[in-house]
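K.L.:
got a sequence here, can you build the structure:
(3 chains)
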Amino acid sequence: MSKGVHFVTGKLWRDECLCFFYFQNGKGESKMKKEGQVRIPSGCAIAAVISTEGKKISGGLVAEAMRPMHDRSNGLGGGFAGYGIYPDYKEFYALHMFFDERATRKDCEAFLKERFEVVHAEVIPTRKIPAITDEPIIWRYFVAPLQSKVAAMQVEEEEYVVRAVTRINTEMNGAYVFSSGKNMGTFKAVGFPEDVGIFYRLEEYEGYSWTAHGRYPTNTPGWWGGAHPFTLLDFSIVHNGEISSYDANRRYIEMFGYKCNLQTDTEVITYILDYLIRVQHLTLEEAASVIAAPFWSTIDRKTDLNDKEKHIYLRTLYPSLLITGPFSIVMGFNGGLMALNDRLKLRSMVVGEKDDKVFIASEEAAIRTMEPDAENIWAPSGGEPVVVRLKEGVQI
Amino acid sequence: MKRVYVNEEWCLGCHLCEYNCAFANSGMDDMAEALKGKKIFPRIHVEENDRITFAVSCRHCEDPICVKSCIAGAISKRDGVVCVDQDKCVGCLTCVLVCPYGALAPNENGIMQKCELCLTNSFGEPACVSGCPNNAIVYESRDEVQTEVDPDGRTLYVGD
Amino acid sequence: MSIDFLYPEFEVVRNMDRCITCRVCERQCANEVHAYNERLDKMVSDESKCVNCQRCVSLCPTRALKIVKSDCKLRENANWQNDGIREIYKQANSGGVLLSSMGNPKELPVYWDRMLINASQVTNPSIDPLREPMETRVFLGKKNVKPERDESGNLICKVPPQLELDLPVMFSAMSYGSISYNAHASLARAATEMGTYYNTGEGGLHEDFYQYGPNTIVQVASGRFGVHEEYLAAGAAIEIKIGQGAKPGIGGHLPGSKIVGDVSRTRMIPEGSDAISPAPHHDIYSIEDLRQLVYSLKEATEYKKPVIVKVAAVHNIAAIASGIARSGADIIAIDGIRGGTGAAPTRIRDNVGIPIELALAAVDQRLRDERIRNNVSLVVGGSIRSAADIVKAIALGADACYIATGALLALGCHLCRTCQTGKCNWGIATQRPELVKRLNPDIGSRRLINLLTAWKHEIKEMMGGMGINSIEALRGNRLMLRGVGLTEKELEILGISHAGE
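P.N.:
Predicted structure coming up:
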């Protein structure tokens, strides 16, 4: 991507974030659509680590893991999600937000105060480095929903938070919530992931679990909100791939109140998993069987009749949530990780272990960076979920 | 053995089998040239009345009475196919008389000819079958044994 | 009246160098166009009777025949075209309503042809259907249940009744009576072999075909012909026919000449009586009445079979579909203006209804907007002509397609559009035994199986190109479509972008 586009993009972020942006093509002015107005395919690198005993892992470790996979990104997006990083505020939803200008922030804070008790608000500390420029205003808020409002809406507390986040992201120009879970947080920017780690001072955070993402969009103005991970409450998704089922999935999931503002795979996958797990109460494994369903030929051959019946049931009930085309995803949530490949395994993904830690990455090199002595390195089959949870009894 | 069978249910009485037979045994390449302006002498004949149409041709009986009746020794059975040696035929029509199916008829010169399954002409397999528009005539081996016996108790025809 | 002003539309062109006077043309023409003139020793023709069904052309062993449109024409007139003038002459002769058959032949836009399909390049891989699994299995029925678990936490795997299709194509309703016994036999056998369904239409189910019940959709139309308890029990699903694309707003018409023998017995009406279905169901004057019929049928079949409600695509189709989706129906079938028929008033066939593409797009979007798309499956028909049309229909949001004209073409129909005369030379739209026998179901079912097999291959090829390996991921995937030469409004209704966007 040319420097010209970089420059204009950053400028635009401040000026008219949700409008078209323009760049000179030599023959006059031409219009290019921003993420969310058009669907942008991209390739990627992902990495993740978790300590099943809940031991602290520095964010710097996972940032370094992205370095050997530099060529899988193109500098137009990198990000991280850390779990267990806000122990002091673990009862509160941590809202990480981008604002285009101060006035937007003030408006948004008023909006928040009508709905939440804000116990703490601060600028997210960053480090000025040449590789990351044109940053928006970045804040975080630790909030608790006002119970009277939750009761008035007659919804669960989590649903209340989801709706507030959706409203900000859909209706409030220049404001964007990019992280909204408890005792977890997402950090993302336009840039290479290892630089994003330095920018957000990730080495100063400690969590029991981390996911990381480097992005290779083929055609994008490179918007900070469009970087990954994509999160909803404590679900965070990093994803490598370009799913071919996108619009079938999007048009289905939007029936249930979700709005796919970014038109990215990651966004829709996050909503699908949220819907299946939080709303439909499926287990992680069942949800994996919906989105990366076994082929009918496999199901027809199953000899365990209960298992067969279950798979037929899930495919009959949720046909429009099957995801086709290449993907490797790592879903982070409070208490664990799930890694999953598309059913043909069209994207690389390997898993390794060492002591209490489990590592997941697009390439083995990333795992070796985190743990040179990693063992049992293996490539999960397509559609085979790898679920890693904190050991029973581990308190965070 | 593969034989020609006719299914009355699907016979449309279109008579195409007769023309395809005549053409196949004409030795010519072009049907119009072979048959235009000529009376045809096919080896399969469509029998019909108001309700039923049915194409009749040689059944290649297990114990062919025509072979036995031929005074000139012109009819013989080779590899299951009943054939006429036209050089030997004297045109006495005894075979026409004895055939219980009416499957034999002479050619334009009064010499006997009959269905030999197109095995010796340029078609190689029955032209009546390949030309039938409704699969009423088929060429196949059938599993079930079909036997027909004449009033004297003689086995005429055994299908395989 | 001495002059009828109707001149032959077609000319029979016979190459006398090739004609061998085998008389197959004469024997095979139920319209009695051809005759052998003994004195001349030649075949002769009465072209005024020719409907251009091409039966003689296809059976002529020396290829001596062709049928061409007569160039004997009235004076050119952009306003008063030939067909319009002929229709006036016909009505002036008869005083009657004009009747036609098969689908709308007018030059209405065919939106299928204005939509193009996507394929993967570089950023994600296309999938080779010859080397990788490629799934076309579809379940039709309600999906709006929330999973429940037993005490030990296992899923209770109960879903409302579903139709399982090996490919998203079914044979649409054509009644026994409008088409022949052998045509029904062909459809039933092909549906069974291909793992899909055929539809009885409104003429009941011949007793010989109860054996195909697991692959049969039994229809209940306003005339209720042939409807009884065993009939309902015999099918895999029950379809309530409100309307059909070729004649929205009126019921089925079958002339008494076709109500003979088994047709009369199967329909449970006297031989020779015209079978004129009422325009509406007289127990459905409103949407709440529909709900009662849906549940009556479900009661009668112990809630074991999905109920389909079939409607013609008309102006307010989105709202109508929304009403049906809330009526308890499991599947909505929508039939577009180009849908076929055995007989319809010409004016209605050609002027009433809307194209299926727009109806489908509007209905699918409306049901999603109202969050009830899961209540029903959506089946569309009304001129699905190829595997590409099917792929486009699924991408617009259909769960499956109905084909009927396409199936008849496979059986030999040449679209001469004179089904209403009952003299179908191809043995399809006739009840005359000597014509019916021209369609051997061994051949007919094989041709239908071939057609569906070929389409299934093509669907898989196109899906693979898009990087999609299950038809489920294509359903409603409108990003896979782009419009060409469409207005903003048309694109908006279809919910797709223009090519190049």
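K.L.:
can you pull the contacts of B:Val84?
P.N.:
The contact partners of B:Val84, by CB atoms under 8 Å, 6 or more residues apart in numbering or on different chains, come to B:74-75, B:112-114, B:116. Using the backbone N, CA and C atoms, a C-beta is placed for each residue, glycine as well.
K.L.:
list the buried ones in stretch C:370-381?
P.N.:
Across stretch C:370-381, burial judged by 16 or more other CB atoms under 10 Å in any protein chain shown covers C:370, C:372-381.
K.L.:
report pLDDT for the spatially most central residue of chain C.
P.N.:
The residue lying closest to the centre of chain C (CA atoms, centre = their mean) is C:Ala404, at 2.8 Å. We have a pLDDT of 97 for C:Ala404.
K.L.:
before we move on, what about B:Phe23?
P.N.:
pLDDT, read off for B:Phe23, is 97.
K.L.:
for whichever strand or helix holds it, packing partners?
P.N.:
B:Phe23 is part of helix B:16-24 when elements are defined by DSSP states H and E. Helix B:16-24 sits against helix B:31-35, strand B:45-48, helix B:127-131, with contacts defined as 3 or more CB pairs under 8 Å, 6 or more residues apart in numbering or on different chains; DSSP states H and E.
K.L.:
helices or strands next to the second one in the packing?
P.N.:
Judged by 3+ CB pairs under 8 Å, 6+ apart, strand B:45-48 is in contact with helix B:16-24, strand B:53-56.
K.L.:
the residue nearest to the centre of chain C contacts C:Val169, correct?
P.N.:
No. Using CB atoms under 8 Å, C:Ala404 is not in contact with C:Val169, being 11.0 Å away.
K.L.:
contacting residues for A:Arg172?
P.N.:
In this structure residue A:172 is Met, not Arg. Counting by CB under 8 Å, 6+ apart, A:Met172 makes contact with A:104, A:107-108, A:111.
K.L.:
low pLDDT regions in chain B?
P.N.:
Where chain B drops to pLDDT under 70, the residues are B:143-160.
K.L.:
repeat that for 90
P.N.:
Along chain B, segments meeting pLDDT under 90 span B:1-3, B:49-52, B:61-63, B:120-122, B:124, B:141-160.
K.L.:
what residue spans form the domains of chain C?
P.N.:
Split into domains by automatic domain parsing, chain C comes to C:10-96, C:138-142+C:157-498.
K.L.:
can you tell me which of these is most buried?
P.N.:
domain C:138-142+C:157-498 (a mean of 22; mean count of other CB atoms under 10 Å in any protein chain shown).
K.L.:
can you tell if that domain touches chain A?
P.N.:
Yes. Residues of domain C:138-142+C:157-498 are located near chain A by CB under 8 Å from any CB of the partner chain, namely C:138-139, C:157-159, C:162, C:368, C:371, C:373-374, C:397, C:466-470, C:472-480.
K.L.:
among those, which lie within strands?
P.N.:
Among the residues of domain C:138-142+C:157-498 next to chain A, DSSP state E puts C:138-139 in strands.
K.L.:
hmm, C:Ile287 is touching C:Gly323, no?
P.N.:
Yes. In this structure, C:Ile287 is within contact of C:Gly323 by CB under 8 Å, at 4.3 Å.
K.L.:
output the contacting helices and strands for the strand or helix carrying A:Ile253.
P.N.:
Here A:Ile253 sits within helix A:246-253, counting by DSSP H and E. Packed against helix A:246-253 by the contact rule (3+ CB pairs under 8 Å, 6+ apart) you find helix A:265-273.
K.L.:
if you set the cut-off to 10 Å instead, what comes out?
P.N.:
Judged by 3 or more CB pairs under 10 Å, 6 or more residues apart in numbering or on different chains; DSSP states H and E, helix A:246-253 is in contact with helix A:265-273, helix C:356-369, helix C:387-396.
K.L.:
so which of those gets nearest C:Tyr111?
P.N.:
helix C:356-369 (3.6 Å; CB to CB).
K.L.:
export the closest one to CSV, keeping only CA atoms.
P.N.:
Output of helix C:356-369 as CSV, limited to C-alpha atoms (Å, rounded to 0.1, in the frame of the first residue of the first chain):
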residue,chain,number,x,y,z
ILE,C,356,-40.2,-14.5,-9.2
GLU,C,357,-36.7,-12.9,-8.7
LEU,C,358,-38.1,-9.7,-7.3
ALA,C,359,-40.7,-11.5,-5.2
LEU,C,360,-38.1,-13.8,-3.8
ALA,C,361,-35.7,-10.9,-2.9
ALA,C,362,-38.5,-8.9,-1.3
VAL,C,363,-39.9,-11.8,0.7
ASP,C,364,-36.6,-13.1,2.0
GLN,C,365,-35.6,-9.6,3.1
ARG,C,366,-39.0,-8.9,4.7
LEU,C,367,-38.9,-12.1,6.6
ARG,C,368,-35.4,-11.3,7.9
ASP,C,369,-36.5,-7.7,8.8
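K.L.:
where's C:Ala233 relative to chain A, distance?
P.N.:
24 Å (CB to the nearest CB, to the nearest Å).
K.L.:
related to what we said a few turns ago, let's have the domains of chain C in JSON lines, adding distance to chain B.
P.N.:
Formatted as JSON lines, these follow (distance: least, CB to the nearest CB, whole Å):
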{"stretch": "domain C:10-96", "distance to chain B": "4"}
{"stretch": "domain C:138-142+C:157-498", "distance to chain B": "5"}
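K.L.:
please enumerate the strands of chain B.
P.N.:
Going by DSSP E, chain B shows strands at B:3-6, B:45-48, B:53-56, B:75-78, B:81-84, B:105-106, B:112-113, B:137-140, B:147-149, B:155-158.
K.L.:
most surrounded residue in the contacts of B:Val84?
P.N.:
B:Met112 (25 neighbours; other CB atoms under 10 Å in any protein chain shown).
K.L.:
got the angle for the helix holding A:Ile253 vs helix C:356-369?
P.N.:
Here helix A:246-253 runs at an angle of 50 degrees relative to helix C:356-369 (axes from the mean of the first three to the mean of the last three CA atoms, to 10 degrees).
K.L.:
between helix A:265-273 and helix A:246-253, find me the angle.
P.N.:
40 degrees.
K.L.:
helix A:246-253 vs helix C:387-396, what angle?
P.N.:
40 degrees.
K.L.:
quick one: average pLDDT of helix A:246-253?
P.N.:
Mean per-residue pLDDT for helix A:246-253: 96.
K.L.:
strands of the stretch 251-396 of chain A, residue ranges please.
P.N.:
A:327-333, A:336-341, A:350-354, A:357-361, A:375-378, A:386-389 (DSSP state E, counting those that start in this stretch).
K.L.:
tabulate the CA atom coordinates of the third one in CSV.
P.N.:
Same thing as strand A:350-354. The C-alpha trace of strand A:350-354 is given here as CSV (Å, rounded to 0.1, in the frame of the first residue of the first chain):
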residue,chain,number,x,y,z
VAL,A,350,-0.5,-25.3,14.9
VAL,A,351,-0.8,-26.0,18.6
GLY,A,352,2.0,-26.7,21.1
GLU,A,353,2.4,-27.2,24.9
LYS,A,354,4.9,-26.7,27.6
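K.L.:
within its sheet, name the partner strands of that strand and how each one runs.
P.N.:
In the sheet, strand A:350-354 lines up against strand A:357-361 (antiparallel), strand A:375-378 (antiparallel) (DSSP bridges).
K.L.:
ok, the first one next?
P.N.:
Here strand A:327-333 is paired, per DSSP bridges, with strand A:235-241 (antiparallel), strand A:336-341 (antiparallel).
K.L.:
could you do the last one as well?
P.N.:
Using DSSP bridges, the neighbouring strands of strand A:386-389 in the sheet come out as strand A:336-341 (antiparallel).
K.L.:
highest average neighbour count across the strands paired with strand A:350-354?
P.N.:
strand A:357-361 (a mean of 26).
K.L.:
how about the contacts made by A:Ile360?
P.N.:
A:46-50, A:211, A:238, A:328-330, A:337-339, A:349-352, A:366-367, A:380, A:386, A:388 (CB atoms under 10 Å, 6 or more residues apart in numbering or on different chains).
K.L.:
can we see that at 8 Å?
P.N.:
A:46-49, A:330, A:337, A:339, A:349-351, A:367, A:386.
K.L.:
could these go into a markdown table alongside pLDDT and neighbour count?
P.N.:
Rendered in a markdown table, the data for the contacts of A:Ile360 read as follows (pLDDT from 0 to 100; neighbours: other CB atoms under 10 Å in any protein chain shown):
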| residue | pLDDT | neighbour count |
| --- | --- | --- |
| A:Ile46 | 92 | 32 |
| A:Ala47 | 94 | 31 |
| A:Ala48 | 96 | 31 |
| A:Val49 | 96 | 28 |
| A:Val330 | 95 | 31 |
| A:Leu337 | 96 | 25 |
| A:Ala339 | 96 | 25 |
| A:Met349 | 95 | 24 |
| A:Val350 | 95 | 20 |
| A:Val351 | 97 | 20 |
| A:Ile367 | 95 | 27 |
| A:Val386 | 96 | 17 |
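K.L.:
fine by me, thanks again.
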